[in-house]
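> generate a structure from the sequence data that follows.
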Amino acid sequence: MAFSHQTAFERLQSAHANGRLAHAYLITGPIGSGKRELALALAGMILGCRADEVPHHPDAHFVQPESKSRRIVIDQIRELEQAIQRKPLISSNKAVIISDAERMQPQAANAFLKTLEEPPPGSLILLLSALPEAILETVLSRCVETSLRPTSAMVAAPEHAPIISALEQALLQPHPPTAGDAFRFTRVVQALIVSAKERISDENDSLLKQETSKYKQASEGSSWLQERAEQVKAMTEAGSVRERDRILQIVVDVLGQALRVQHGATATHASIQKLADKYPPTNILKRLDAMETLRRRLALGVQEALSLEGSFLEMIMIK
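Below you'll find the predicted structure:
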């Protein structure tokens with residue numbers, strides 16, 4: 001059963017009060033369901049601080065995909081294990097939050113199994129995932145799953161509507177999907193990515209103009225502003241990649257929701273239910289594999305437009 005993140009927190013808060021809180025939870029749910037909010041609230045509960053203080057708490061440890069391949073690698077897990085083996089600094093407990101847990105490399109996941117099964121005393125480990133089907137079974141079996149349902153805001157998010165509509169046009173027609181369907185879907189996603197990148201660029205350009213106006217008369221202003229311009233450029237590039245990845249994750253999330261509907265979850269949109277009804281699980285899994293291939297191509301630096309066109313053609317045309 002899926003809960004709102006507030007209801008899930010209240011249930012786990014009660015378990016904690018009664019001494020029944022498990023040491024490892026897998027928090028699942030689509031984008032916008034409140035996975036991170038729940039994780040921060042739970043971490044704050046055991047650390048004795050507010051949820052918004054958790055990111056800066058010395059006894060809170062975070063892991064997320066950071067490598068060029070957007071994977072969680074074994075070195076990150078080894079560093080985490082060393083950190084949680086040490087005594088807490090200011091609390092009596094420690095909290096670990098691993099975002100996008102499905103992005104753990106198999107070697108990293110296997111290296112984490114012993115700690116996941118027998119963490120140091122006073123440790124709470126929280127794995128977050130929008131696609132738990134991609135997590136190793138050995139990891140799943142060592143966690144208690146808490147499933148969150150999407151919020152109404154998530155269902156109505158502006159980015160979701162055009163993607164769901166485009167998937168419907170490509171995959172839910174009476175005829176089998178065509179190359180034309182794939183290219184039309186690609187154009188929708190590309191337009192969303194371009195719009196997001198332009199917004200990031202405009203925001204950072206505005207920031208740089210404000211700082212230039214403020215500091216250009218300072219004695220060290222010229223060299224500082226030159227350095228700052230390079231920083232803002234890097235911020236824009238990094239922000240653009242994050243926005244692109246976020247939009248691609250929406251495609252993954254919609255397909256993942258269809259897969260979960262086939263396993264008893266409630267569809268958040270009529271088109272997601274139709275996808276679940278029309279295509280068998282193996283077909284949807286192949287489409288998710290195509291999205292993973294796209295991520296790898298982009299991580300390797302393959303030209304973005306070519307990567308999107310090739311991968312979406314493959315994903316849409318799967319039979």
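> report the contact partners of the closest residue to Ala134 other than its chain neighbours.
In space, Ala134 comes closest to Glu102 once its chain neighbours are excluded; the distance is 3.9 Å by C-beta to C-beta, 6 or more residues apart in numbering. (Each C-beta comes from the backbone N, C-alpha and C, glycine too.) With contacts taken as C-beta atoms under 8 Å, 6 or more residues apart in numbering, Glu102 has the following neighbours: 129-135.
> show me where the stretch 1-150 of the chain has its helices.
Counting by DSSP state H, counting those that start in this stretch, the stretch 1-150 of the chain has helices at residues 5-17, 35-47, 74-85, 106-117, 137-140.
> deepest-packed of the ones you listed, please.
Neighbour counts averaged per stretch over these are highest for helix 35-47, at a mean of 22; criterion: mean count of other C-beta atoms under 10 Å.
> in the protein, which helix or strand is least confident?
Within the chain, confidence by mean pLDDT, DSSP states H and E is lowest for helix 152-155 among all helices and strands, at a mean of 51.
> which elements pack onto the following helix or strand past it?
Heading C-terminal from helix 152-155, the first helix or strand you meet, by DSSP states H and E, is helix 160-171. If contacts are counted by 3 or more C-beta pairs under 8 Å, 6 or more residues apart in numbering; DSSP states H and E, helix 160-171 sits against helix 179-215, helix 221-261, helix 270-278.
> just put the ones you listed in CSV and tack on mean neighbour count and distance to Gln76.
As requested, the helices and strands packed on helix 160-171 are exported to CSV (neighbours: other C-beta atoms under 10 Å; distance: least, C-beta to C-beta, whole Å):
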stretch, mean neighbour count, distance to Gln76
helix 179-215, 15, 26
helix 221-261, 17, 18
helix 270-278, 17, 33
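> so Pro162 sits against Val188, correct?
Yes - between Pro162 and Val188 a contact is recorded at 5.5 Å, counting by C-beta atoms under 8 Å.
> low-confidence ranges in the stretch 151-300 of the chain?
The stretch 151-300 of the chain contains residues with pLDDT under 70 at 151-159, 211, 214-225, 228.
> one more time with 90, if that's ok
Across the stretch 151-300 of the chain, residues meeting the criterion (pLDDT under 90) sit at 151-164, 192-193, 195-254, 256-257, 259-261, 263-272, 292, 295-300.
> pLDDT score for the closest residue to Thr186 other than its chain neighbours?
The shortest distance from Thr186 to any residue other than its chain neighbours is 4.5 Å, reached at Phe312 (C-beta to C-beta, 6+ apart). If you check Phe312, the pLDDT there is 96.
> what does the helix or strand harbouring Phe312 rub up against?
Taking DSSP H and E as the criterion, Phe312 maps to helix 304-317. Contacting residues not belonging to helix 304-317 are listed as 170-171, 177-179, 181-183, 185-186, 189-190, 193, 244, 287, 290-291, 293-294, 297-298 [C-beta under 8 Å, 6+ apart].
> wouldn't Pro65 be in contact with Ile98 here?
No - with contact defined as C-beta under 8 Å, Pro65 and Ile98 do not form a contacting pair (9.9 Å).
> higher neighbour count, those two?
Counting neighbours by other C-beta atoms under 10 Å for Pro65 and for Ile98 shows that Ile98 has the greater number, 27 against 22.
> would you turn the contacts of Glu102 into CSV with pLDDT and distance to Glu117?
Shown next, in CSV, are those (pLDDT from 0 to 100; distance: C-beta to C-beta, whole Å):
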residue, pLDDT, distance to Glu117
Ser129, 91, 18
Ala130, 82, 24
Leu131, 80, 23
Pro132, 86, 18
Glu133, 80, 21
Ala134, 81, 20
Ile135, 90, 15
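> mind putting those in CSV, neighbour count included?
Formatted as CSV, the contacts of Glu102 follow (neighbours: other C-beta atoms under 10 Å):
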residue, neighbour count
Ser129, 25
Ala130, 24
Leu131, 23
Pro132, 21
Glu133, 16
Ala134, 18
Ile135, 19
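> roughly how far apart are Ile272 and Asp253?
Ile272 sits at a distance of 10 Å from Asp253 (criterion: C-beta to C-beta, to the nearest Å).
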